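Asks: What shape does this take:
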Amino acid sequence: MCLDKYKYFKLPENGIGYKVFVKIGDDEYRPPFFGHEFRLNEWIHDEREFKIEYENDDNRYYPTGFHVFTNFADAQTYRGNVAGDGLVVRKVEFKNVVTRGLQDKCKCIVCRSLKILKEGE
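Replies: Coordinates of the predicted model:
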């Protein structure tokens with residue numbers, strides 16, 4: 001999952017958003033394409049030290065991190081564009097935003113820290 005294009009929009013460095021996961025257990029999730037497992041209500045941090053190029057923005061790069069949609073509708077749209085079984089949208093808390101942009105024409109941020117919230121939080 002890579003951002004298509006850089007786009008600035010106002011958003012706090014920490015907040016609440018929505019992420020698409022594959023549900024693999026009662027309280028366990030993983031990203032649709034690759035990555036390690038996430039557990040409910042536990043902070044996870046991306047500490048990698050490399051950058052990724054925007055898909056449609058030549059010579060523009062951003063640090064790795066977790067991709068989070070700014071609203072539920074955009075996360076649902078993205079979920080519908082991804083092939084795979086067991087895909088769900090979960091509400092997440094994020095910290096340390098490193099960039100923002102568009103993913104499949106939907107507003108998305110990239111952050112370094114993420115926690116999947118329990119239902120009702």
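
Asks: what about stretch 105-121, distance to the chain center?
Replies: 6 Å (C-alpha atoms, centre = their mean, to the nearest Å).

Asks: need the helices for the protein, in chain order.
Replies: With DSSP state H as the definition, the chain shows helices at residue ranges 72-81.

Asks: So in it, which strand runs the longest?
Replies: For the chain, the strand that runs over the most residues, judged by DSSP state E, is strand 87-103.

Asks: From Pro31, how far out is the residue most central in space within the chain?
Replies: When the chain is reduced to its mean C-alpha position, the closest residue under C-alpha atoms, centre = their mean turns out to be His67, at 2.2 Å. His67 sits 8 Å away from Pro31 when distances are taken as C-beta to C-beta, to the nearest Å. (Glycine included, C-beta is placed from N, CA and C.)

Asks: now for the helix or strand bottoming out on mean pLDDT in the chain, which elements pack on it?
Replies: Taking mean pLDDT, DSSP states H and E as the measure, the helix or strand of the chain with the lowest value is strand 5-6, at a mean of 71. Contact analysis of strand 5-6 by 3 or more C-beta pairs under 8 Å, 6 or more residues apart in numbering; DSSP states H and E lists strand 87-103 as its packing neighbours.
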